[in-house]
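Enquirer: Sequence plus the predicted model coming up.
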Amino acid sequence: VKYPAIIGHEISGEIVETGPGLSSFRKGERIAVGADVPCGRCDWCLGGMGNCCDTNLAMGYQFAGGYAEYCLIEPTVVRFGPVARIPDGVDMEHAALAEPLACCINGLERAGLTGGESVAVLGAGPIGIMLVKLAKALGSAWTLLADTDPDRLLQSRFAGADACIPCGQPDVFVSEVLDATRGRGVDVILTACPAVEAQELALRIVAKRGRVNLFGGLPASARDIRFPSNLLHYREASVTGSHGSTPVQHARALELIASRRVDLSGMVTHRFPLDKIHDAFAAVKARLGLKVAVRP
Ligand SMILES: [Zn+2]
């Protein structure tokens, strides 16, 4: 982000005005806007993988974001970006969460989740909770939510995971997971936190033919991960990455919310008006609750 800039990329709102010649959206309609905006021209965008765009455009970066009374949705965003009508009955706050939910869809797609498989999520923050809810909606047979912070884990029980296991002591955690899965390990594991240790731990609990998705990025200063590569070799396991989401996934997230297959009640725990936005950031920094909504 090059400041000064308006940031904020989990957005919903009502259209108050449209530009000349725009026929796809009308004044008065409610829309949700995702983060990653395909350029519409590079190989990746043309191939439907706009989240891998060479230019990597995003709301709140090159385009003004949502922390404002009015947000201009520029022509490139309207044309190629994740802009979707909010179905009736969907709350504005839940509609804004279609953005992170879309990223969760991408993560589970990259991990190749199929029905009946087991899923473990390391990191019980808002994304971890959404990943569990989504995995259940997509037919996973057993879900596990883990976090190093037992209080955070307790607070996240409403995600509905079949098991919540603290992972602060790696060896204890690995043996508990193996006990819970009859020694099998977990089919799909997603790391929903910026921790090297979680990525290494994920590789230790992966089942044969399992997939680890490195969902959360690491800080640039993080050390490299270390693991015995035989873990992957003998188990025929694989590691995938995921970054952002596509407009199709954003629209699909909104549908999952509207049909209540993914219930986001309880996700937004704090709300602030725009002129108290610094209090909103302070709440996030203090790890109060889960999602903090700014309501201009
Ligand atoms: Zn592109």
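Expert: Perfect, I can see it now. Numbering: from 1, shown residues only.

Enquirer: Isn't Ala137 up against Val262?
Expert: Yes. Between Ala137 and Val262 there is a contact at 5.1 Å, judged by C-beta atoms under 8 Å. Where C-beta positions appear, they are placed from N, C-alpha and C, glycine not excepted.

Enquirer: buried ones in the one helix or strand in the chain whose mean pLDDT sits lowest?
Expert: In the chain, no helix or strand scores lower on mean pLDDT, DSSP states H and E than helix 150-155, which sits at a mean of 93. Of all the residues in helix 150-155, those buried under the rule 16 or more other C-beta atoms under 10 Å are Arg152, Leu153, Gln155.

Enquirer: Run through the strands of the protein in chain order.
Expert: When assigned using DSSP state E, the strands of the chain occupy the ranges 11-14, 30-33, 36-37, 57-58, 83-85, 118-122, 142-147, 163-166, 186-191, 206-214, 238-241, 268-273, 291-295.

Enquirer: average model confidence for the second one?
Expert: Across strand 30-33, the average pLDDT comes to 98.

Enquirer: So what touches that strand?
Expert: Here strand 30-33 makes contact (C-beta atoms under 8 Å, 6 or more residues apart in numbering) with 11-15, 25, 59, 66, 71, 73, 77, 81-86, 92, 95-96, 98-99, 250, 254.

Enquirer: And those residues, which of them are buried?
Expert: So, by 16+ other C-beta under 10 Å, the buried ones in the contacts of strand 30-33 are 11-13, 15, 59, 66, 71, 73, 77, 81-86, 95-96, 98-99, 250, 254.

Enquirer: The ion contacts on the stretch 51-200 of the chain?
Expert: Within the stretch 51-200 of the chain, the positions adjacent to the ion are Cys53 by C-beta under 5 Å from the ion.

Enquirer: which residues touch the nearest residue to Leu214 once chain neighbours are set aside?
Expert: Nearest residue to Leu214, sequence neighbours excluded (C-beta to C-beta, 6 or more residues apart in numbering): Gly241, at 5.0 Å. In this structure, Gly241 makes contact with Arg110, Asn213, Leu214, judged by C-beta under 8 Å, 6+ apart.
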